[in-house]
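Student: pasted the sequence and its predicted model underneath.
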Amino acid sequence: MIKILLIILILSFNFVAYAQNGYNTYEVDSFIDEMYQKHNYSKKDLKELFSKIKEEKKLKKFFKKAPERRLTWNGCSPDEKQCINYKGLFVNEYNINNGITFIKENNHLLEKASKKFGVPKEIITAIIGIETRYGKNLGTFKTFDTLASLSVGPNKGRRAEFYRTELENFLLLCRENSLDPNLIKGSYAGALGKPQFISSSYRNYAIDFDGDNSADLWNSNADVIGSVANYLKRNGWQRGGLILTDIEINHNENKLKKISKKTYKPHTTYKKYKNMNIKTHLRLSDDEKLSVIKRIEGTKDVYSFGHNNFYTITRYNRSRLYALAVFTLAQDLKMASQ
């Protein structure tokens, strides 16, 4: 009888703890049951994790400030207070200077990864620099609390199912790597380590590149470099392929503007573009499929052909501005290293 009462008290405590923090108790219990049924995850451990959650009230504020939401590439006028220059955020003196240092200190690892996966070392470096300033900004949000809040808690939104899957992957990642889910911190969206992999990407693309039988994206630059290159390769990176090619100035801007609103994935052959008088000074295969990428430079709209490798970068972060930043920073790093 005493044992039964204790169980009831524990369950009641968990119920109150969830409810007080704004969690849907039915969804929490459903998630716990699912983890137990699918993965034999301890119900006791999960209930304890949920009972210790502290609400992250800053989450919604951070999502409203997400850089991709209200930025221009490089076209803010001085009187635009709400305009943020994306290029200035990431392609700057800090990222260039520290990127040069990162390349010098890790050149043998970068060369090894580039040789194995076909991804230029400057692209790998640019991604790490943009994601976490080469490991200096790993995030301060408790990852379990963040993913729980976004999937079954007070910050649940239209992407709740995505974050629920990431919460599942996060818990499995911790179990597979003997990590304490109470201690792991990351970004406001649940991204982890120096390359800011979400949990499902960590489990699918992180590799052991230093030979110690574990993929550590917090402390091993070898694993970080190898994992970024592996991610891009497995998402379609083509060795030696182009990324962006400038389109020659022409009088078909309305057509360009319309085409640039389509997908970043290459969709139209170069031959068809040439027939529309949209071409580049470089010699490209008529059969190569390309997209059209628009950016603002000052007061001008500038258009480029997006090749397969540009699209591959958007598989890392589904943002045109992000891919432009990676490409531009990588170019600057390459020029500075010559």
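Tutor: Done, it's in. Fair warning: this is a prediction, and the values are worked out from it, not measured in the lab. Residues are numbered from 1 along each chain as shown.

Student: in the stretch 1-150 of the chain, which spans are strands?
Tutor: For the stretch 1-150 of the chain, the strands defined by DSSP state E, counting those that start in this stretch occupy 71-72, 84-85, 141-142.

Student: so what strands line up beside the second one?
Tutor: Going back to what we said before, that points to strand 84-85. strand 71-72 (parallel) (DSSP bridges).

Student: show me the shaky parts of this protein.
Tutor: Counting by pLDDT under 70, the chain shows low-confidence ranges at 1-21, 63-70, 251.

Student: mean neighbour count and distance to Asn219 for the strands of the stretch 1-150 of the chain - can I get that in a markdown table?
Tutor: Every C-beta, even on glycine, is put in place using the N, C-alpha and C of the backbone. Putting those into a markdown table (neighbours: other CB atoms under 10 Å; distance: least, CB to CB, whole Å) gives the following:
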| stretch | mean neighbour count | distance to Asn219 |
| --- | --- | --- |
| strand 71-72 | 18 | 32 |
| strand 84-85 | 16 | 32 |
| strand 141-142 | 20 | 19 |
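
Student: pull out the buried positions in the biggest strand by length in the chain.
Tutor: Counting residues, the longest strand found in the chain (DSSP state E) is strand 289-297. If you call a residue buried by 16 or more other CB atoms under 10 Å, then strand 289-297 has these buried ones: 289-296.

Student: what of stretch 229-237?
Tutor: Of the residues in stretch 229-237, 229-233, 237 count as buried by neighbour count, 16+ other CB under 10 Å.

Student: how about it as PDB, C-alpha atoms only?
Tutor: Output of stretch 229-237 as PDB, limited to C-alpha atoms (Å, rounded to 0.1, in the frame of the first residue of the first chain):
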ATOM      1  CA  ALA A 229      33.100  17.900 -45.200                       C
ATOM      2  CA  ASN A 230      31.200  14.600 -44.800                       C
ATOM      3  CA  TYR A 231      27.900  16.400 -44.500                       C
ATOM      4  CA  LEU A 232      28.500  18.400 -47.700                       C
ATOM      5  CA  LYS A 233      29.700  15.400 -49.600                       C
ATOM      6  CA  ARG A 234      26.800  13.200 -48.700                       C
ATOM      7  CA  ASN A 235      24.400  16.000 -49.500                       C
ATOM      8  CA  GLY A 236      25.700  16.200 -53.100                       C
ATOM      9  CA  TRP A 237      28.900  18.300 -53.100                       C
END
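
Student: show me the contact partners of it.
Tutor: 113-114, 116-119, 123-124, 195, 197, 201, 205-207, 308-309, 311-313, 315-316 (CB atoms under 8 Å, 6 or more residues apart in numbering).

Student: which of those residues count as buried?
Tutor: Buried among the contacts of stretch 229-237 by 16+ other CB under 10 Å: 113-114, 117-119, 123-124, 195, 197, 201, 205-207, 308-309, 311-313, 315-316.

Student: now, the residues you listed that are in helices?
Tutor: Counting by DSSP state H, these place 113-114, 117, 123-124, 201, 205, 308-309, 311-313, 315-316 in helices.

Student: can you list the buried residues in stretch 85-105?
Tutor: Applying a neighbour-count criterion of 16+ other CB under 10 Å, the buried positions in stretch 85-105 are 85-87, 90-91, 95-96, 98-99, 102-103.

Student: also stretch 184-198?
Tutor: For stretch 184-198, a neighbour-count test (16+ other CB under 10 Å) marks 184, 186-198 as buried.
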